[in-house]
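J.: Quick one: sequence and predicted model below, then my questions.
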Amino acid sequence: MRASSVRLSDNAILARMREITQRFLTVAATVSLALLAWGAASAAQVPAPRTDAPAPAAVPVPAANAGDAAAKHAKRTACLKDAKAKKLLGADKASFLKNCIGTP
């Protein structure tokens, strides 16, 4: 048998590639349509939200809490800056921050 008889021709290779591509596209289209149908069926089963229920009232945050939070943040930031300046690490840093910030 000659080596040239074993090789596939360019046309045969291209035909095989087209066949593989068509099979892939057919499978992809089938899966896409199945997922679309499944999504539509599951969306149809979701109950509509009730419109007659009253909306939950928003809980206002007192202004004092907002100011306290800002003050705590500023104090913590200053303490962290001091700890960094003193090059504290680990337990020493934790102890320093606890004392600097103060526990309520």
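T.: Sure, I can see it.

J.: pLDDT weak spots in this protein?
T.: Scanning the chain for pLDDT under 70 picks out the ranges 1-8, 43-66, 103-104.

J.: ok, then the element right after the host helix or strand of residue 20?
T.: Residue 20 belongs to helix 10-45 when assigned by DSSP states H and E. With elements assigned by DSSP H and E, the helix or strand that comes after helix 10-45 is helix 63-85.

J.: Beyond that next one, next helix or strand please.
T.: Past helix 63-85, the next helix or strand by DSSP H and E is helix 90-101.

J.: So for that next one, what gets flagged as buried?
T.: Of the residues in helix 90-101, 93, 96, 97 count as buried by neighbour count, 16 or more other Cβ atoms under 10 Å. (C-beta placed from N, C-alpha, C; glycine too.)

J.: Identify the residues contacting the second one.
T.: When you say that, I think you mean residue 96. By Cβ atoms under 8 Å, 6 or more residues apart in numbering, the contact set of residue 96 is 79, 82, 83, 86, 88.

J.: Look at residue 88 and say how many residues are nearby.
T.: 15 (other Cβ atoms under 10 Å).

J.: picking that back up, which helices and strands does the helix holding residue 20 pack with?
T.: In terms of contacts (3 or more Cβ pairs under 8 Å, 6 or more residues apart in numbering; DSSP states H and E), helix 10-45 is not packed against any helix or strand.

J.: Show me what counts as buried in that helix.
T.: Result for helix 10-45 [16+ other Cβ under 10 Å]: no buried residues.

J.: how is the chain carved up into domains?
T.: 7-45, 72-101 (automatic domain parsing).

J.: Quote the end-to-end distance of the last one.
T.: In this case it means domain 72-101. Start and end residues of domain 72-101 are separated by 8 Å (Cα to Cα, to the nearest Å).

J.: Same question for stretch 82-97.
T.: Span of stretch 82-97 from end to end, Cα to Cα: 9 Å.

J.: coming back round to it: next, format the buried residues of helix 90-101 as CSV and append distance to residue 69.
T.: Shown next, in CSV, are the buried residues of helix 90-101 (distance: Cβ to Cβ, whole Å):
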residue, distance to residue 69
93, 23
96, 22
97, 18
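
J.: which one of the residues you listed is nearest residue 13?
T.: residue 93 (68.4 Å; Cβ to Cβ).

J.: Cheers, nothing more for now.
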